[in-house]
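>>> Just to be clear, the model below is a prediction. Sequence and coordinates:
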Amino acid sequence: MIFGRHELYLYFETRAYSLHYEKFADGTVNPLLTTLDFPDNWLPIKLSQILRVSSGKSLKRTQLTEDGNVPVYGAHGIMGSYSEGFIEKGTLLIGRVGFYAGSIMRTKEFSWVTDNSLIVSSSSVVNSNFLELSLKHLNLGSLTSQTAQPVISGQKIYSQIIFLPPVNEQTKIVDSYNELISKVNTIEKEQEQLQQLATQLKQKVLDVAMQGKLVPQDPNDEPASVLLEKIRAEKQRLYEEGKIKKKDLVETEIVKDGDNAYYQKLPKSWEITALNNIAKIINGDRGKNYPSKNKLHDTGDIPFISAVNLEDGTVSDKNLKYLDDDQYEKLNNGKLIFNDIAYCIRGSLGKSGRFPFEKGAIASSLVIIRSYDKSSVGQDFIHNYLNSSIAFNEIKKYDNGTAQPNLAAADLGKFKFNFPSLAEQKRISKSILQIDSAIQKIFQ
């Protein structure tokens, strides 16, 4: 039977200065209590002495309705709605089965609770909010049965011990906790806003850079028009050596749009061309030699890159999968070399990263972007361009996905690419690194 107000007060009174006694009121013993240090008026109480749990009522998923006005709680919060309810607003619940068994919830309004949750009723001398904090602290999920379908029973809950202060102190603790949580939430929100501001600042720097406004213009720099001629000559050499195909020599004409004023504002020494005129865009091998997930390895020397590995502008070594030598040699396309840009064209469009390893290969959701002539257009500048709003606006123009975002490699090649002299490219990349570092320090 749950202690009433009078019985629990008597219990506090008789035990006020005997915290380290080993025996509970029901005669059971917990030898660990002697090592714990709580105020003398905090008493060790088994949950069976202050609460009871009962199962909710069965309700099939087919009975849930879209137009019901009563929320239905399962093992982890609201799972739908129904036309009837039986549990009052503010009732404590404990998830009973499944992955979320042991989770603590509270109904936000008059509700129906399924038998996937346990309904908590407690003594009136226990502050309900204090009890909620105590139950969360106990981590009841660790008490679930180790079966295919985890389940937590009332008996396991009842055997747990909490230390209970007087009711007025419970109220003060809850008030202090709520005040602190409010401050923490405010700090986290402010940190999130600062991070968003940092991201916006970095984006603005990139956008200004791609308009030729980040660093001073130097009239002695070799104009980008000369670089285009050098790239054409380099592509011809690569073709004659059999390293690129004849179709790669055909230049893509940029499509003029209504925003010509923007391009007229670029410095005179800059050029506007299509991305695939200055960089080779390489698809992954999508033929019979493409490795299935179950044939990839957890360790190795040849990383197999997917979109999940692209993180903070590089290829992260976390969660990498690997090819063996035989798998790698069989691939006809999609082979990475150091400093290539891996770029996502399916799903997370525009996500990209520099490849920091000697060799590797890409998944079918990625392409490789590799400058034809790095002495004319550097990989640093290309990568900065790909992260700018200019490139992301091009993505919006060419995204042809329905179920998921999708960008054809051929359309990626049509992206308008504006670039300056090599010297200015280097000044821009250096300046971006310095500004990013300063922003990072400010917003840490």
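Looks like it came in fine.
>>> Spit out the contact partners of the spatially closest residue to residue 386 that is not a sequence neighbour.
Excluding its sequence neighbours, the residue lying closest to residue 386 (C-beta to C-beta, 6 or more residues apart in numbering) is residue 352, at 5.4 Å. (C-beta placed from N, C-alpha, C; glycine too.) The contact partners of residue 352, by C-beta atoms under 8 Å, 6 or more residues apart in numbering, come to 310, 313, 341-344, 369, 383, 386-387.
>>> which sections of the stretch 251-400 of the chain are below the confidence cut-off?
For the stretch 251-400 of the chain, the stretches flagged by pLDDT under 70 are 256-264.
>>> related to what we said a few turns ago, distance of the residue nearest to residue 386 from residue 344?
7 Å (C-beta to C-beta, to the nearest Å).
>>> between those two, what contacts are shared?
residue 310.
>>> before we move on, back to that, now, which of the contacts of residue 352 lie within helices?
383, 386 (DSSP state H).
>>> Please indicate which of the contacts of residue 352 are buried?
Those of the contacts of residue 352 that meet the buried threshold are 310, 341-344, 369, 383, 386-387, by 16 or more other C-beta atoms under 10 Å.
>>> Just name the closest of the residues you listed to residue 303, please.
Among the buried ones among the contacts of residue 352, residue 342 lies closest to residue 303 (C-beta to C-beta), at 10.3 Å.
>>> would you turn the buried ones among the contacts of residue 352 into JSON lines with distance to residue 208?
Converted to JSON lines, these look like this (distance: C-beta to C-beta, whole Å):
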{"residue": "310", "distance to residue 208": "25"}
{"residue": "341", "distance to residue 208": "22"}
{"residue": "342", "distance to residue 208": "26"}
{"residue": "343", "distance to residue 208": "23"}
{"residue": "344", "distance to residue 208": "25"}
{"residue": "369", "distance to residue 208": "23"}
{"residue": "383", "distance to residue 208": "17"}
{"residue": "386", "distance to residue 208": "16"}
{"residue": "387", "distance to residue 208": "13"}
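>>> and residue 129, that's in a helix?
Yes. Using DSSP: H, G, I helix; E, B strand; the rest coil, the assignment for residue 129 is a helix.
>>> residue contacts, the residue nearest to it when sequence neighbours are not counted?
Nearest non-adjacent residue to residue 129, counting by C-beta to C-beta, 6+ apart: residue 174, 4.4 Å away. Applying C-beta under 8 Å, 6+ apart, we find residue 174 in contact with 127, 129-130, 133.
>>> one more time with 10 Å
The neighbourhood of residue 174, defined by C-beta atoms under 10 Å, 6 or more residues apart in numbering, consists of 127-133.
>>> Over to residue 164?
Residues in contact with residue 164 (C-beta under 10 Å, 6+ apart) are 8, 11-12, 38, 41-45, 49-50, 125-127, 130-131, 134, 170.
>>> of these, buried ones?
8, 11-12, 42-45, 49-50, 125-127, 130-131, 134, 170.
>>> mind listing which of those residues are in strands?
Here DSSP state E is the test, and the buried ones among the contacts of residue 164 give 43-45 as lying in strands.
>>> coming back round to it: wasn't the residue nearest to residue 129 part of a helix?
Yes. Applying three-state DSSP, one finds residue 174 inside a helix.
>>> ok, so what distance separates residue 108 from residue 265?
54 Å.
>>> So which of these two has more stuff around it?
The neighbour count for residue 108 versus residue 265, taken as other C-beta atoms under 10 Å, is higher for residue 108 (13 against 10).
>>> So for that one, what's the nearest residue that isn't a sequence neighbour?
residue 89 (6.6 Å).
>>> just to revisit the earlier point, tell me which of the contacts of residue 352 is nearest to residue 246?
For the contacts of residue 352, the nearest to residue 246 is residue 369 (20.6 Å; C-beta to C-beta).
>>> pretty sure that closest one is in contact with residue 275, am I right?
Yes. Counting by C-beta atoms under 10 Å, residue 275 is a contact partner of residue 369 at 7.7 Å.
>>> now, the most widely separated pair of the contacts of residue 174?
128 and 133 (10.1 Å).
>>> can you list residues touching both of those two?
170, 174.
>>> just the strands in the stretch 101-250 of the chain please.
Taking DSSP state E, counting those that start in this stretch to define them, one finds strands in the stretch 101-250 of the chain at 104-106, 112-113, 117-122, 161-164.
>>> Mind checking the ones you listed for the one nearest to residue 67?
Judging those by C-beta to C-beta, what sits closest to residue 67 is strand 112-113, at 14.7 Å.
>>> What mean pLDDT does that closest one get?
Summarised as a single mean, pLDDT over strand 112-113 is 96.
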